[in-house]
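[1] Mind looking at a prediction? Sequence and model below.
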Amino acid sequence: MNILLLGSGGREHALAWKISKSYHCSQLYIAPGNPGTAECGTNVSLALADFQSIEQFCVDNAIDIVVVGPEEPLVNGIYDYLMASTSIKAKKPFFFVVGPSKEAAQLEGSKAFSKKFMQRHTIPTAGYAEFTVDNFEEGKAYIAHHSLPIVLKADGLAAGKGVVISNTHAEALQVFEEMIINKQFGSASSKVVIEEFLSGIEVSVFVLTDGKDYQVIGHAKDYKRIGEGDTGLNTGGMGCVSPVPFMDDAFMQKVEETIIKPTVAGLTKENLVYNGFIFFGLMNVNGTPLVIEYNCRMGDPETEVVMPRLQTDLVGLFAAMDNGTLADANISYHDNYFATVMAVSGGYPGDYEKNKPIEVQAPLPKESLLFHAGTKMATDGTLLTNGGRVLTVTSPGNSITEAVLQSKAGLEQIHFEGMYFRKDIGYEFA
Ligand code: AMP
Ligand code: GLY
């Protein structure tokens, strides 16, 4: 099968690596990709917002499957656009897209939509209320009487910056006004969800679903803060481990029974067309899982541990989703633990400089994998930094400690000016 993967981060390098190993994969194209994905297939220069050019590329290259990495094209309706294309269908009658429809992608694209969905299907989540400019005064009173900390969320996509956890009512009121009245995130904050603070350990669970059946394909714990000991600003993710020791069969069974099954049943019942990944962002509150958020895509850097750990052929699973046999698929995992440790640019998640040469001084440990995130290749062939999160090293181990040690040993062989990575990924499992 000919596959087009959309995206350019570490998540897409890990997906490209996994897809390229598939028995079912003939040609793999990545748009726009990065220097890492170029080692797994052919990078093509297409803009993710340019659906028309993506459609034309599918026609010209007889693409069978489009896999969408990031959320933005999904929330903007790329699934519906490509699935409705008569020119693609004329060439490839069995063409399909891995992702949710525009309507179903609101599970990530609108916090209010996802909260209402969870309420309709009795899926455990934090209590909440939603406000707009029309009931702004009511919102202020709601905040003033709410317990602390209090969580405010811009309804729409806000590049990961739309959630504020406040420890005082005064700050919460200020944030609320900033979002709704001063339109801090434009239309994304014209509606604000206010919810209870959940205290626990955050974990990520990944599922593939065709909207009727599902398979769990992995889970991970992400380390979001920039500083060691989980301190400092939030980032896109500084490292991950998988499997997570406390996410044992009993915990995962609770996740499946109380969260995954009702979610997939809800999609079916409401005729929400979904043919892709669901990322369940969960809080483990004293052994009880609650949903913090749905994402309609894989996580980054979770994908960089979930894909290496997954033994099952990913493209085979995509095909099973399409032909209605997903429920019969066998999911198997490698026995090892996996850890990924992300190297970021100096200053990230604040301002940082790009275009720093990246030097790989010695080969990485044999079983480690280097996934590129924000890198680019200069015309003279020098690898340069091109983002906040630059690259990540994933390694297997007999324990989390061993896997993390090996990833850190890999990163010790890599150098760029200002390079920083957390040395304590997986610390609580040491
Ligand atoms: P989200 O954009 O929904 O992923 O929220 C960003 C981050 O804020 C999450 O990853 C959590 O760490 C935190 N967060 C969101 N909602 C809550 C909540 N109700 N209680 C505690 N932390 C939360
Ligand atoms: N690592 C969290 C995310 O991908 O949203």
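    Sure, I can see it. Ligands and ions are numbered 1, 2, ... in the order given.
[2] make it CA atoms for all contacts and neighbour counts henceforth
    Noted.
[3] Need the pLDDT of Lys92.
    Confidence at Lys92, expressed as pLDDT, is 97.
[4] Tell me how many other residues crowd it.
    16 (other CA atoms under 10 Å).
[5] any idea how far it lies from Val59?
    The gap separating Lys92 from Val59 is 8 Å, by CA to CA, to the nearest Å.
[6] and if you look at Thr235?
    38 Å.
[7] again, but for Pro149
    52 Å.
[8] Look at those two and report which has more neighbours.
    With neighbours defined as other CA under 10 Å, Pro149 and Val59 compare such that Val59 has more, 19 against 16.
[9] any idea which residue sits dead centre in the protein?
    Centroid check for the chain by CA atoms, centre = their mean gives Gly299 as the closest residue, at 2.0 Å.
[10] Tell me which residues touch it, please.
    Counting by CA atoms under 8 Å, 6 or more residues apart in numbering, Gly299 makes contact with Arg11, Phe279.
[11] now swap in Ala320 and tell me
    Leu326, Ala329.
[12] Not counting sequence-adjacent ones, nearest residue to Asp64?
    Phe95 (4.7 Å; CA to CA, 6 or more residues apart in numbering).
[13] my guess is that neighbour meets Ile63, correct?
    Yes - here Phe95 reaches Ile63: they are 7.2 Å apart, a contact under CA atoms under 8 Å.
[14] Show me what the longest strand along the chain is packed against.
    Criterion DSSP state E: the longest strand present in the chain is strand 274-285. Helices and strands touching strand 274-285, by 3 or more CA pairs under 8 Å, 6 or more residues apart in numbering; DSSP states H and E, are strand 96-100, strand 201-209, strand 288-295.
[15] Tell me which of those strands is the most buried.
    Most buried of the helices and strands packed on strand 274-285 by mean neighbour count (mean count of other CA atoms under 10 Å) is strand 96-100; its value is a mean of 27.
[16] and the residue nearest to the centre of the chain, what pLDDT?
    Predicted confidence (pLDDT) for Gly299: 97.
[17] same question, the one 10 residues further on
    According to the per-residue confidence, Arg309 scores 98 in pLDDT.
[18] just Arg422 next, same as before
    pLDDT at Arg422 comes out at 98.
[19] same question, Ala265
    pLDDT, read off for Ala265, is 98.
[20] Just say helix, strand or coil for it.
    Classification of Ala265 using DSSP: H, G, I helix; E, B strand; the rest coil returns helix.
[21] Can you give me the neighbour number for the residue lying closest to it once chain neighbours are set aside?
    Excluding the flanking residues, the one nearest Ala265 by CA to CA, 6+ apart is Lys212, at 6.8 Å. Using other CA under 10 Å, Lys212 has 21 neighbouring residues.
[22] rewinding a little: can you say which of the helices and strands packed on strand 274-285 is nearest to ligand 1?
    strand 288-295 (4.9 Å; CA to the nearest ligand atom).
[23] Now do the closest one against strand 274-285, angle only.
    On the basis of axes from the mean of the first three to the mean of the last three CA atoms, to 10 degrees, strand 288-295 is oriented at 140 degrees to strand 274-285.
[24] ok, strand 288-295 near ligand 1 or not?
    Yes - judged by CA under 6 Å from any ligand atom, strand 288-295 comes into contact with ligand 1 through Ile292, Glu293.
[25] Can I get that strand in PDB, CA atoms only?
    Output in PDB follows, covering the C-alpha atoms of strand 288-295 (Å, rounded to 0.1, in the frame of the first residue of the first chain):
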ATOM      1  CA  THR A 288      -9.600   5.700  39.800                       C
ATOM      2  CA  PRO A 289      -9.100   7.000  36.300                       C
ATOM      3  CA  LEU A 290     -10.900  10.200  35.200                       C
ATOM      4  CA  VAL A 291     -10.700  11.900  31.700                       C
ATOM      5  CA  ILE A 292      -8.800  15.200  31.600                       C
ATOM      6  CA  GLU A 293      -9.000  15.500  27.900                       C
ATOM      7  CA  TYR A 294      -9.500  13.700  24.600                       C
ATOM      8  CA  ASN A 295      -7.000  14.200  21.800                       C
END
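[26] before we move on, back to that, separation between the residue nearest to Ala265 and ligand 1?
    Distance from Lys212 to ligand 1, counting by CA to the nearest ligand atom, to the nearest Å: 25 Å.
[27] Quick check: phi and psi at that residue.
    Here is the backbone geometry of Lys212 (degrees, to the nearest 10): phi -130, psi -50.
[28] Around ligand 2, which positions in this protein sit nearby?
    Gly236, Gly237, Gly299, Asp300, Pro301, Glu302.
[29] got a list of what the fifth one touches?
    I take that to be Pro301. By CA under 8 Å, 6+ apart, the neighbours of Pro301 are Gly10, Arg11, Asp222, Gly237, Met238, Gly239, Cys240, Thr340, Met342.
[30] Same list, those, but as a markdown table with secondary structure, distance to ligand 1 and neighbour count please.
    Formatted as a markdown table, the contacts of Pro301 follow (DSSP: H, G, I helix; E, B strand; the rest coil; distance: CA to the nearest ligand atom, whole Å; neighbours: other CA atoms under 10 Å):
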| residue | secondary structure | distance to ligand 1 | neighbour count |
| --- | --- | --- | --- |
| Gly10 | helix | 18 | 30 |
| Arg11 | helix | 17 | 25 |
| Asp222 | strand | 9 | 23 |
| Gly237 | coil | 10 | 19 |
| Met238 | coil | 13 | 26 |
| Gly239 | strand | 14 | 31 |
| Cys240 | strand | 14 | 31 |
| Thr340 | strand | 18 | 33 |
| Met342 | strand | 17 | 30 |
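[31] From those residues, pick the one nearest Val285.
    Asp222 (16.4 Å; CA to CA).
[32] Okay, strands next: where are they in the stretch 1-150 of the chain?
    2-7, 27-32, 42-43, 65-68, 96-100, 128-131, 150-154 (DSSP state E, counting those that start in this stretch).
[33] Ligand 1: which of those strands is closest?
    Per CA to the nearest ligand atom, nearest to ligand 1 of those: strand 150-154, 5.9 Å.
[34] helices or strands up against the helix or strand following the closest one?
    Counting by DSSP states H and E, the next helix or strand C-terminal to strand 150-154 is strand 163-166. The contact analysis (3+ CA pairs under 8 Å, 6+ apart) places strand 163-166 against strand 150-154, helix 169-180.
[35] Show me what the first one pairs with in its sheet, parallel or antiparallel.
    When you say that, I think you mean strand 150-154. The pairing partners recorded for strand 150-154 under DSSP bridges are strand 163-166 (antiparallel), strand 192-196 (antiparallel).
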